[in-house]
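Novice: Turn this into a structure:
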Amino acid sequence: MSTARAGRRPWTDLRFFIGLVLIILSVAGVWVIVGAAKQTSPVLQAARTIVPGEPLTSADVRVVDVVLGTAAAGYLTPATLAPGLIATRTITEGELVPSTAAADADEGRTTSVVVRSTVPVPASVAPGAVVELWAADPVAEGKGFGEPRVLLSEATVASVDRDDGPLSAKATTLEIVVNRSRVGEVLAALTGGSSLSVVPVGARS
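Specialist: Next comes the predicted model:
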């Protein structure tokens, strides 16, 4: 009995084959995981800051290859960048463009208006910044304006035009993105001669 066991070759033992198969499967699994980790997907990245309501075109984005795995389905790709898409929120420069940040133009709920701020606008206010719009209505009799009030508690800056010269700080024109439901109020303030002021969100004391 002892002599027969001692002379048995290891590759005739079933346990040897089971162990060998497990080793092969383990090595193959590691290679699959490593290979999947190296797979990249082409997605779109904002080439500049894009504000709500702006069209999403090939000129505004660039294609980058990134490792996202299953999360890649949540971002726009060259194949899904269809004509007529607009941004539904601010997409900062260098940000990967999420599918949720784009919609058809027909679904857009924002538009832009141009206002001139009567108070200095900080240099930090740039496209993509969120600001408040304050309005002071003209006094019915006499000169001057009434108490300022918040006309819009949140608006996104689309563009900033600062005039050159010694009074440039008081001559800043901004294009701001507002909800369509509030456009009437802004236009009424503009046509009514109200004094409008743009203030960065969080700038109040």
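Novice: For the spatially most central residue of the chain, give the beta-bridge partners.
Specialist: For the chain, the residue nearest the mean C-alpha position is residue 91 (2.4 Å; CA atoms, centre = their mean). The partner list for residue 91 in beta bridges (DSSP bridges) reads residue 50.
Novice: Just confirm it contacts residue 45, I think it does.
Specialist: No. Between residue 91 and residue 45 there is no contact under CB atoms under 8 Å: 9.4 Å. For glycine as for every other residue, the C-beta is placed from the backbone atoms N, C-alpha and C.
Novice: which residues do these two both contact?
Specialist: The contact sets of residue 91 and residue 45 overlap at residue 97 (CB atoms under 8 Å, 6 or more residues apart in numbering).
Novice: buried stuff in stretch 103-114?
Specialist: Within stretch 103-114, the residues that count as buried by 16 or more other CB atoms under 10 Å are 103, 108, 110, 112-113.
Novice: Equivalent analysis for stretch 139-157, please.
Specialist: Neighbour counts over stretch 139-157 (16+ other CB under 10 Å) mark 148, 151-152, 155-157 as buried.
Novice: Can you list the neighbours in contact with that stretch?
Specialist: 51-52, 90, 125-138, 174-178, 182, 185-186, 189, 194-197, 201.
Novice: Would you map the strands across the protein?
Specialist: 41-46, 61-66, 85-87, 102-104, 110-117, 130-136, 149-162, 172-179, 195-200 (DSSP state E).
Novice: Mean pLDDT and distance to residue 19 for the ones you listed - can I get that in JSON lines?
Specialist: As requested, the strands of the chain are exported to JSON lines (pLDDT from 0 to 100; distance: least, CB to CB, whole Å):
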{"stretch": "strand 41-46", "mean pLDDT": "89", "distance to residue 19": "38"}
{"stretch": "strand 61-66", "mean pLDDT": "90", "distance to residue 19": "40"}
{"stretch": "strand 85-87", "mean pLDDT": "91", "distance to residue 19": "56"}
{"stretch": "strand 102-104", "mean pLDDT": "89", "distance to residue 19": "53"}
{"stretch": "strand 110-117", "mean pLDDT": "91", "distance to residue 19": "65"}
{"stretch": "strand 130-136", "mean pLDDT": "94", "distance to residue 19": "63"}
{"stretch": "strand 149-162", "mean pLDDT": "92", "distance to residue 19": "63"}
{"stretch": "strand 172-179", "mean pLDDT": "92", "distance to residue 19": "65"}
{"stretch": "strand 195-200", "mean pLDDT": "93", "distance to residue 19": "67"}
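Novice: among those strands, which is nearest residue 77?
Specialist: strand 41-46 (5.5 Å; CB to CB).
Novice: how far does the closest one sit from the chain's center?
Specialist: Distance, stretch centre to chain centre, for strand 41-46: 13 Å (CA atoms, centre = their mean, to the nearest Å).
Novice: Could you list every helix and strand in contact with that strand?
Specialist: strand 61-66 (3 or more CB pairs under 8 Å, 6 or more residues apart in numbering; DSSP states H and E).
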